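Asker: Sharing a model that was predicted from the sequence below.
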Amino acid sequence: MPPSKVLGAALLASGLITGADGAQTASPDATVSVFAAGSLRRPITQAAQAFEKANPGTRIALTFGASGLLRDRIAAGERVDVFASANMAHPQSLAAGGNWGSTVAFARNALCALARPGLKVTRDTLVPLLLDPSIKLGTSTPRADPSGDYAFELFEKVERSGAAPAGSAKSLADKALQLTGGPNSPAPPAGRNVYGMLVASGQADVFLTYCTNAVLAVNEEPGLQMIDVPPAINVSADYGLAVRSGAPQPAQAFADDLRSGTGQQALRRAGFLAP
């Protein structure tokens with residue numbers, strides 16, 4: 001194949017075309033590959049649908065999962081244009097390699113407790129309940145899923161804040177059942193909120209997860225309870241967004257939309273807070 005055709009094919013594959021003046025713009029049929037935290041599934045799906053409608057010929061290909069596992073897939077060589085993580089650290093670690101742009105905060109979440117029906121618990125009694133040896137405490141898997149990291153950070157804050165005696169952080173970490181978000185965790189059930197399913201099925205009496213996840217779980221499983229975590233021990237979950245260096249122009253446009261356009265509106269409707 002002549003060099004000019006090879007170059008043309010490469011540009012088309014990247015979602016770019018070169019005009020007569022040498023400027024590169026998005027091709028009419030650009031595809032943007034997006035990896036996003038599972039907690040973002042609903043708002044980012046809505047944002048992608050709106051973006052595609054507003055930009056005919058552009059397709060947003062979405063993959064959802066635990067942010068740490070998605071980060072590992074990118075680091076292993078999977079070609080991704082936009083990474084929306086449930087923490088700042090995972091996209092920042094990719095930027096350190098030089099192939100990704102800077103990480104920006106685009107949303108914020110917090111932890112709530114999801115409790116089984118009939119369990120007597122309030123915000124004021126949550127910590128003693130979590131420490132009760134008879135209570136099955138569920139979390140996501142630390143390092144693989146930021147939700148698990150945030151839960152274990154909460155355990156440390158329980159002890160540091162004086163909400164529980166010395167040794168409580170270790171007790172909570174030791175008893176925590178890491179039920180989802182790990183490399184060997186069962187796949188989430190199609191069409192169901194995995195956290196609501198885990199509590200409703202009795203695998204956990206209480207599950208620490210994002211408040212946005214808890215809202216969805218209670219809506220799906222009406223008998224479940226959502227309990228606010230006391231501010232003194234709660235953890236702010238900052239979500240980070242990065243775009244691959246050399247990604248097609250629509251990738252940056254979609255990322256900008258998540259920060260300040262209709263995508264940000266979708267996030268706010270889903271209960272996410274501004275960064």
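Answerer: The structure has been received and is ready for your questions.

Asker: who touches the helix or strand harbouring residue 268?
Answerer: Taking DSSP states H and E as the definition, residue 268 sits inside helix 262-269. Outside helix 262-269, the residues that touch it by CB atoms under 8 Å, 6 or more residues apart in numbering are 40, 43-44, 46-47, 50-51, 54, 106-107, 254, 257-258, 274. Just so you know, the C-beta spots here come from the backbone N, C-alpha and C atoms, and that holds for glycine as well.

Asker: Restricted to helices, list those residues.
Answerer: Here DSSP state H is the test, and the contacts of helix 262-269 give 43, 44, 46, 47, 50, 51, 54, 254, 257, 258 as lying in helices.

Asker: Just among those, which is most surrounded?
Answerer: residue 254 (29 neighbours; other CB atoms under 10 Å).

Asker: per-residue pLDDT, that one?
Answerer: In this prediction, residue 254 carries a pLDDT score of 98.

Asker: check contacts around it.
Answerer: Per CB under 8 Å, 6+ apart, neighbours of residue 254: 32, 34, 47, 48, 51, 60, 82, 263.

Asker: Now rank those residues by neighbours and give me the top one.
Answerer: Ranked by the number of neighbours (other CB under 10 Å), those place residue 32 first, at 28 neighbours.

Asker: which SSE is that residue in?
Answerer: With elements taken from DSSP H and E, the one containing residue 32 is strand 31-37.

Asker: List the neighbouring strands of that strand plus their orientation.
Answerer: strand 59-65 (parallel), strand 82-85 (parallel) (DSSP bridges).

Asker: In PDB, list the C-alpha atoms belonging to it.
Answerer: Extracted in PDB, the C-alpha atoms of strand 31-37 (Å, rounded to 0.1, in the frame of the first residue of the first chain):
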ATOM      1  CA  THR A  31     -15.600   6.200  17.800                       C
ATOM      2  CA  VAL A  32     -14.600   7.300  21.300                       C
ATOM      3  CA  SER A  33     -13.700   4.400  23.700                       C
ATOM      4  CA  VAL A  34     -14.600   5.200  27.300                       C
ATOM      5  CA  PHE A  35     -13.800   3.200  30.400                       C
ATOM      6  CA  ALA A  36     -15.800   4.300  33.400                       C
ATOM      7  CA  ALA A  37     -16.400   3.300  37.000                       C
END
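
Asker: Identify the residues contacting that strand?
Answerer: With CB under 8 Å, 6+ apart as the test, strand 31-37 has contacts from 15, 44, 48, 58-67, 70, 73-74, 79-86, 146, 239, 247-248, 250-251, 254.

Asker: still on that earlier bit, of the contacts of helix 262-269, just say which sits nearest to residue 200.
Answerer: residue 40 (22.8 Å; CB to CB).
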